[in-house]
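[1] Could you look at this predicted model? Sequence included:
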Amino acid sequence: MSRSFHPATFIVTGLIWLFLSTAVGCALLLADAHGIGLSLDLRQVHGHAALVGGAIQIIMGLWFIPIAGERPRADSRPGIYFAINFGTVGMLLGFGIGQPLLVGAFSVLAIGAMLALFKHIPSHAALNIPRGLTRWWYGTALTALSLGLALGEGMAWKLVPHEHLGWVKVAHAHLTVVGFMLLALIGLTYWLLPAITESLQFHAVWTRIIWLVMPLGAIILAFGLAASSFVSQISGGILLMLGVGLYACDLARQRIRDEYGRFPRAVPLLRIAGGYLGITALSGIALAVNALWLPPPVRIGQWHLLAYAHLFYLGFAVHHLFGLLTGLLPLVLAKARSRSHKKRKPIHAELIALMERGTSIQLGILNLGIMGLVAMASLVWWVPLKSPLIPVAAWTSAALLLIPWPLFLFNAIVVLRTPARP
C-alpha cells in the first residue's frame with residue numbers, strides 16, 4: 001500500500017513555489033522599472049508558478065486536512081503530490097523555452113491532481129448551511145476550475161482560433177482565479193476557522209446570502225469579462241461586493257477568542273484579506289466604468305493593471321492563506337500528536353507560540369510592499385517613466401515583498417519539525 005503524504009507536505013511545497021514565483025515577479029518588476037525588456041514567457045512562468053504550484057497546491061493541502069467531526073477530504077497520496085509538482089515544473093519549462101505543446105502535455109498531470117478535489121465536497125454541517133447551497137458553492141468553484149483549465153489546455157494545444165484568443169485568455173484567468181480560488185478560500189474559511197476559535201458564530205442569514213450570491217456573481221463577472229459586457233461586469237461585481245461586504249462585516253463584528261482566551265493572530269490576517277478583497281472589487285468596477293469612454297478619462301497602463309491584480313493575489317489570497325495556516329498548522333499537528341485534550345493543550349500552545357513569531361513584522365512588511373506597488377503605479381501619472389523615482393519605488397517594493405516569505409516558511413518548518421513530547 002502506498003504511503004499517504006501529510007497535507008502539510010502540500011502546504012510547505014506550495015509556500016516554496018510562492019516564494020520562488022515572488023522572486024521571479026520581483027525580477028520582472030525591476031526589469032520593467034529600468035526599461036529592460038524580458039521575455040513575455042517569464043510572466044507566464046511567474047503567474048503559473050504562483051497559481052498552480054503555490055496557491056492551488058496550498059488549497060489542496062487545506063482541503064485534505066481532517067478536522068474533528070468531518071471526514072478527511074481525500075487520500076493525499078504521493079501520486080497527487082508528484083502529479084501537481086511535476087506538472088508545474090513541466091509547464092514552467094514549456095513556457096520558459098516557448099514550447100506550448102510541452103505546456104499542454106505536462107498540465108495534464110497538474111489537472112489530474114486537481115481533480116482529486118472533486119472526491120469529497122465539504123458538508124459544513126456545523127454551520128447549518130443547506131446541502132443545496134454547499135453543492136452550489138463548491139460545484140460552481142470546481143466547475144469554474146475545470147472550465148478554466150480546459151481553456152488553458154485549448155490554448156496550449158493551439159485549438160483556439162487566433163481571433164478568439166483575447167476572450168479565451170481573460171476567461172481562463174478569471175474562471176481560475178475568481179471562480180475557483182476566491183470561492184475555495186472563503187469556503188475553506190467557513191469550514192476551518194471555527195476549529196481555530198471557540199467563540200466564533202457566523203451569522204446564519206448573512207451566511208446563506210453570501211453562499212447564494214457570491215457564486216452567482218463570479219459566474220456573471222467571468223461571462224461579462226469574456227464577452228466584454230459592461231452590464232454583466234457591473235452586475236457580477238455588485239453581487240461579489242455584497243457577499244464580500246457581509247463576509248467582512250461578519251468577521252469584524254465578533255470578539256473572537258481561542259480556547260486559551262487569546263485573540264488568534266489568524267483573525268486580523270483574514271480581516272485584512274477581506275478588506276483587500278473589497279478594495280479589489282471596487283477597483284474592478286471603477287476600471288469597467290472608466291473603459292466606457294474612448295479615450296478613457298483616466299489613463300490606465302500596464303503597471304496600473306499589475307497593481308490591481310496584485311491587490312487580489314498579495315492583498316487577499318496571500319493574507320488569507322497566511323491567516324488560515326497560522327491557526328491551522330499548530331492545531332492539526334497537536335491533534336496528530338495526542339488524542340487526549342488535556343495532554344494536547346500544552347503542545348498546541350507551544351506550537352501556536354512558534355507559528356506566531358514575528359507575525360506583526362511579516363504583516364507590516366508585506367503590506368508596505370503592496371503599498372509600494374500601488375505607489376509605483378500611481379507615480380506613472382505624475383512623473384516621466386525615466387524618472388529615478390520609478391526604480392527607487394520598484395527596488396523598495398521588491399525588497400519588502402521578498403522578506404515575508406522566508407520568515408513565514410521558517411516558522412512553518414520549525415513547527416513541523418518540533419519534536420513531540422513524550
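    Thanks, I have the structure now.
[2] From now on I want contacts and neighbour counts done on CA atoms only, so please keep to that.
    Fine.
[3] Correct me if wrong: residue 90 contacts residue 108.
    No - using CA atoms under 8 Å, residue 90 makes no contact with residue 108, being 10.1 Å away.
[4] what is in contact with these two at once?
    Overlap of the contact sets of residue 90 and residue 108 (by CA atoms under 8 Å, 6 or more residues apart in numbering) is empty.
[5] Now do the contacts for residue 100.
    When contacts are counted by CA under 8 Å, 6+ apart, residue 100 touches 94, 156, 157, 158.
[6] What pLDDT is listed against it?
    For residue 100, the pLDDT comes out at 89.
[7] One more: residue 231?
    For residue 231, the pLDDT comes out at 90.
[8] so who does it touch?
    The contact partners of residue 231, by CA under 8 Å, 6+ apart, come to residue 224.
[9] Ends of stretch 173-190, what's the gap?
    Criterion CA to CA, to the nearest Å; first-to-last residue distance in stretch 173-190 is 25 Å.
[10] next one: that stretch to chain centre, how far?
    Centre-to-centre, stretch 173-190 and its host chain are 8 Å apart (CA atoms, centre = their mean, to the nearest Å).
[11] Could you list the residues in contact with that stretch?
    The set of residues external to stretch 173-190 that reach it, using CA under 8 Å, 6+ apart, is 56, 59, 62-63, 124, 137-138, 140-142, 144-145, 147-149, 214-215, 218-219, 222, 317, 320-321, 324.
[12] now stretch 266-276
    Looking at what lies outside stretch 266-276 - CA under 8 Å, 6+ apart - the contacts are 244, 247-248, 251-252, 256, 311-312, 315-320, 322-327, 363.
[13] 7 Å - rerun?
    244, 248, 251-252, 311-312, 315-316, 319-320, 323-324, 326-327 (CA atoms under 7 Å, 6 or more residues apart in numbering).
[14] what do you get for stretch 279-297?
    Contacts of stretch 279-297 (CA under 7 Å, 6+ apart): 230, 234, 237, 241, 298, 308, 311, 312.
[15] swap the cut-off to 10 Å and go again
    If you take CA atoms under 10 Å, 6 or more residues apart in numbering as the criterion, stretch 279-297 is touched by 225, 228-231, 233-238, 240-241, 244, 273-274, 276-278, 298-300, 305, 307-313, 315-316.
[16] For those residues, which ChimeraX command selects only the ones that are buried?
    In ChimeraX, a selection of the buried entries from those looks like this (16 or more other CA atoms under 10 Å):
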select :225,230,233,234,235,236,237,238,240,241,244,273,274,276,277,278,307,308,310,311,312,313,315,316
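[17] From the contacts of stretch 279-297, which land in helices?
    Cross-referencing the contacts of stretch 279-297 against helices under DSSP state H gives 225, 230-231, 233-238, 240-241, 244, 273-274, 276-278, 305, 307-310.
[18] distance between stretch 345-364 and the chain's centre?
    Computed by CA atoms, centre = their mean, the chain-centroid distance of stretch 345-364 equals 22 Å.
[19] Would you indicate which residues of that stretch are buried?
    345, 347, 348, 349, 351, 352, 354, 355, 356, 359, 362, 363.
[20] Select from the residues you listed every entry located in helices.
    345, 347, 348, 349, 351, 352, 354, 355, 359, 362, 363.
[21] In helices, which of the contacts of stretch 173-190 fall?
    Per DSSP H, the subset of these in helices is 59, 62-63, 137-138, 140-142, 144-145, 147-149, 214-215, 218-219, 222, 320-321, 324.
[22] How confident was the prediction at residue 3?
    For residue 3, the model assigns a pLDDT of 47.
[23] In the stretch 51-200 of the chain, where is pLDDT below threshold?
    Scanning the stretch 51-200 of the chain for pLDDT under 70 picks out the ranges 66-76, 120, 123-128, 198-199.
[24] Where do the helices of it begin and end?
    57-64, 78-97, 100-114, 131-156, 165-174, 183-196 (DSSP state H, counting those that start in this stretch).
[25] and the nearest residue to residue 147 once chain neighbours are set aside, how many neighbours does it have?
    For residue 147, ignoring the flanking residues on the chain, the nearest one in space by CA to CA, 6 or more residues apart in numbering is residue 175 at 7.1 Å. As a burial measure, residue 175 scores 29 neighbours (other CA atoms under 10 Å).
[26] Distance-wise, check residue 175 relative to residue 156.
    Residue 175 is 17 Å from residue 156, where distance means CA to CA.
[27] Over to residue 393?
    Distance of residue 393 to residue 156, given as CA to CA: 36 Å.
[28] Kindly report the same for residue 242.
    From residue 242 to residue 156 the distance is 36 Å (CA to CA).
[29] And for residue 179?
    For residue 179 relative to residue 156 (CA to CA), the value is 21 Å.
[30] Those two: which is more packed in?
    Ranked by neighbour count (other CA under 10 Å), residue 179 and residue 156 place residue 179 first, with 32 against 21.
[31] My understanding was that residue 403 contacts residue 367; is that so?
    No - counting by CA atoms under 10 Å, residue 367 is not a contact partner of residue 403; they are 11.4 Å apart.
[32] Please identify which of those two sits among more neighbours.
    Ranked by neighbour count (other CA under 10 Å), residue 403 and residue 367 place residue 367 first, with 19 against 16.
[33] Which strand or helix spans that one?
    Residue 367 belongs to helix 359-379 when assigned by DSSP states H and E.
[34] looking just at contacts, which helices and strands does that helix meet?
    With contacts defined as 3 or more CA pairs under 10 Å, 6 or more residues apart in numbering; DSSP states H and E, the packing partners of helix 359-379 are helix 266-290, helix 302-310, helix 319-337, helix 389-402, helix 404-417.
[35] okay if I get those as CSV plus mean pLDDT and distance to residue 51?
    Converted to CSV, those look like this (pLDDT from 0 to 100; distance: least, CA to CA, whole Å):
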stretch, mean pLDDT, distance to residue 51
helix 266-290, 89, 17
helix 302-310, 92, 12
helix 319-337, 87, 13
helix 389-402, 94, 17
helix 404-417, 91, 16
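[36] who wins for proximity to residue 205 among those?
    When the helices and strands packed on helix 359-379 are compared by CA to CA, helix 266-290 sits nearest residue 205, at 18.9 Å.
[37] Now do residue 313 against residue 17, distance only.
    In terms of CA to CA, residue 313 sits 14 Å off from residue 17.
[38] if we can go back for a sec, winner for burial among the helices and strands packed on helix 359-379?
    Comparing those by mean neighbour count (mean count of other CA atoms under 10 Å), helix 319-337 ranks first with a mean of 22.
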